[in-house]
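Enquirer: just the structure for this:
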Amino acid sequence: MESEELIMIVMTGAGPNARRVRIVKGHEYIINPLNPKDMKNRGRHVIAVKAELYTPRHDNADYVLRATYLDNRKSGRVDMSVLESVDPADNLPVDR
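Expert: Numbering: from 1, shown residues only. Next comes the predicted model:
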């Protein structure tokens, strides 16, 4: 069995809205921003490919995720803070 390649553990939000997600290469995630007004790509499913260094058009992140969208099989960049895992094992408890 091949070992999983951990990309990053991401902590998002504060208080009751906080979530911590383990980002692993090849795992499936749903784009679900905490901000209810942020509708861009909400609900789309992606597969994690790799982390890329921050570029100026992505704010508040040192790295972004290179991912493959499952609905059209195209590759794109996703802010890791908007991801929610499909696999419950990747949704980690938040230390309070």
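Enquirer: so where's this structure uncertain?
Expert: 1-3, 55-61, 96 (pLDDT under 70).
Enquirer: can you pull the buried residues of the longest strand belonging to it?
Expert: Assignment by DSSP state E gives strand 45-53 as the longest strand of the chain. Residues of strand 45-53 classed as buried: 46, 48, 51 (neighbour count, 16 or more other Cβ atoms under 10 Å). C-betas here are computed from N, CA, C, even on glycine.
Enquirer: export the residues you listed as JSON lines, with columns for distance to E5.
Expert: Below are the buried residues of strand 45-53 laid out as JSON lines (distance: Cβ to Cβ, whole Å):
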{"residue": "V46", "distance to E5": "16"}
{"residue": "A48", "distance to E5": "9"}
{"residue": "A51", "distance to E5": "10"}
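Enquirer: between these, which sits nearest E4?
Expert: A48 (10.5 Å; Cβ to Cβ).
Enquirer: hmm, who's touching stretch 28-48?
Expert: For stretch 28-48, the external contacting residues (Cβ atoms under 8 Å, 6 or more residues apart in numbering) are 7, 12-13, 17, 19, 21, 23-27, 65, 67-71, 78, 81-87, 90.
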